[in-house]
Structures are given as C-alpha cells and as structure tokens.
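1. sequence first, predicted model second:
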Amino acid sequence: QVQLEESGGGSVQTGGSLRLSCSVSGDTYSAYCMTWFRQAPGKRREAIGSIDSDGRTSYAPSKKGRFTISQDVVKNTLYLQMERLKAEDTAMYYCAAGEKGVDDGICYPNYWGQGTQVTVSS
C-alpha cells in the first residue's frame, strides 16, 4: 500500500513563492507517475500537472509558467514549486500516485495524500 504525505503548505503573501513536497512510502516510487491536484473551497478539484518515472512533465494549460513539478527518486519525494502566487491559488493541495494510461499517456491517480493547505493573502 502506497502512502503519500504532503508538506510545505502555509500562508504566503501575494507574489510570493512556496515549495510543496510529497513523500512517498510503501512501494517503489518509480513504479508510479505522480500528479499534483488542488481544490479550492466550493470548487472542483483540478489537476496542476504530472511527472512520470522518466521525469517527463505535463501541465494543465492554465498552470504553465508559475508551477514546476519535479522529483527526487532517491528520496522518493515529489515537489511542486509555485511562483508569483495569487489569492486564487488558495486551496488544499494534494499529491497522487498512479498509473500512466497506455493509450493517452494520462497519469490516472490511484493513491492520494491528505493534502496540505496553501493560503495566499495580500
């Protein structure tokens, strides 16, 4: 059973930066593709982007430019670097481990962390 634990959330001012981490345990990290999601109050959960075991990343179109996903496979850790944060980035951020679709290459999540809260204020 894979366990995921996010960390690094907190309160930050508009325009600031934050790096979230997701520690993975219980299975081989490289067996999964990884995705960052977020969910703001009253809104649907949305994907930010994914990274596969080869380090290839893909992002939701609206998330390109300010969000960077990376990983350290030795440390079994996934990262989300966020820059120039805005109030609308306030949300609970989740990491998920999953499997890449053979036909479409999409990372389909199977395991989820508990989330870490990010609050952006002026």
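-> Looks like it came in fine. Numbering: from 1, shown residues only.

2. so what sits opposite Glu99 in the bridge?
-> In this entry, Glu99 is beta-bridged to Tyr108, by DSSP bridges.

3. state the distance from the residue nearest to the spatial centre of the chain to Tyr111.
-> The centre of the chain sits closest to Trp36, judged by CA atoms, centre = their mean, with a distance of 2.2 Å. Trp36 sits 14 Å away from Tyr111, going by CB to CB, to the nearest Å. (C-beta placed from N, C-alpha, C; glycine too.)

4. for Val24, give the beta-bridge partners.
-> Under DSSP bridges, the beta-bridge partners of Val24 are Leu4.

5. and it, how many neighbours?
-> Neighbourhood size, Val24 [other CB atoms under 10 Å]: 25.

6. cool, and the one 5 residues further on?
-> Burial of Tyr29, expressed as a neighbour count using other CB under 10 Å, amounts to 21.

7. could you do the one 3 residues further on as well?
-> Using other CB under 10 Å, the number of residues around Tyr32 comes to 24.

8. on that earlier part again, can you list phi and psi of the closest residue in space to the residue nearest to the centre of the chain that isn't next to it in sequence for me?
-> Using CB to CB, 6 or more residues apart in numbering and skipping the chain neighbours, the partner closest in space to Trp36 is Ile48 (4.2 Å). With angles defined as degrees, to the nearest 10, Ile48 sits at phi -90, psi -50.

9. just checking, Ile48 touches Leu80?
-> Yes - counting by CB atoms under 8 Å, Leu80 is a contact partner of Ile48 at 6.8 Å.

10. find the residues that touch each one of the two.
-> Jointly contacting Ile48 and Leu80 under the rule CB atoms under 8 Å, 6 or more residues apart in numbering are 36, 67, 69, 93.

11. might you report the residue contacts of the first one?
-> Contact criterion CB under 8 Å, 6+ apart gives 20, 22, 47-50, 67, 69, 78, 80, 93-96 as the residues in contact with Trp36.

12. wasn't the residue nearest to the centre of the chain part of a strand?
-> Yes - applying DSSP: H, G, I helix; E, B strand; the rest coil, one finds Trp36 inside a strand.
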